[in-house]
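Asks: Just need the structure, nothing else, for what follows:
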Amino acid sequence: MLSSSLSTLVKHFKVKISKEYPLKQLVKNIFAAALFGSALLSSAAMAEHKIGVVNVEGIFKQMPQAIATQQSLSIEFKDEQAAIEAMRLAIAQDIEKLRKDAPTLSEAQIKEGETKINQARVEFEAKVKPFQEKVQTRSKEENDRLLQMLNQAIQAVATEEKLDVILDGKSVIFVGPSLDISEKVLKKVSQIQQ
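Replies: Below is the predicted model:
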């Protein structure tokens, strides 16, 4: 069977070496034939394995644990976020007030207002950067924990279904419903306790 498909392949890609097909074209045709042949061989080898596809990103967004974690993080950082937002609004109001009052203010008063705004901006940036880093660190910790739970669920479903290969849905162009195990994984991960 393999030799007959190779001979068909050779006939299909048979190339006459002449002025019409320079060496560059010949190399392209040989490469295409090799690629086609490897595709045939790999598809025959893949037929022996059971494959499943899972939409990791979609499941991650739907996980009850992820939703609860997101709410928990929002509550954890609510006060700091509100303080930073209040600082931002105060700076915006000071800028608008200075802009509005500038025609009636002396140059010294304008400079004083600009200095005050610049100091407030420096304080604001000094608070924002550590806050963002803290939020990112906590989010990463929680995401790592959730990804471990998701991986545990994927492995459990793979074992139950006796699957040899699991592919991420983002790397697959099309998957038939019989290969998509996303719902099973979501159900399994929903049963895992935090």
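Asks: Tell me which other helices or strands the helix ranked longest in the chain touches.
Replies: Longest helix in the chain by number of residues (criterion: DSSP state H): helix 107-161. Counting contacts by 3 or more CB pairs under 8 Å, 6 or more residues apart in numbering; DSSP states H and E, helix 107-161 packs against strand 51-54, helix 56-62, helix 64-76, helix 78-101, helix 182-191. Every residue, glycine included, has its C-beta placed from N, CA and C.
Asks: okay, which residue is most central for the protein?
Replies: Glu57 (7.1 Å; CA atoms, centre = their mean).
Asks: Look up the closest residue to that residue, ignoring the ones flanking it.
Replies: Lys170 (6.5 Å; CB to CB, 6 or more residues apart in numbering).
Asks: Run a quick neighbour tally on the one you found.
Replies: 10 (other CB atoms under 10 Å).
Asks: Check Asn55 too.
Replies: Going by other CB under 10 Å, the residues that sit close to Asn55 add up to 20.
Asks: Repeat that for Glu112.
Replies: Around Glu112 there are 13 residues (other CB under 10 Å).
Asks: Contact partners for it?
Replies: Residues counted as contacts of Glu112 (CB atoms under 8 Å, 6 or more residues apart in numbering): none.
Asks: show me the contacts for the closest residue to Val56 other than its chain neighbours.
Replies: Excluding the flanking residues, the one nearest Val56 by CB to CB, 6+ apart is Asp168, at 5.3 Å. With contact set as CB under 8 Å, 6+ apart, Asp168 has these partners: Val53, Val54, Asn55, Val56.
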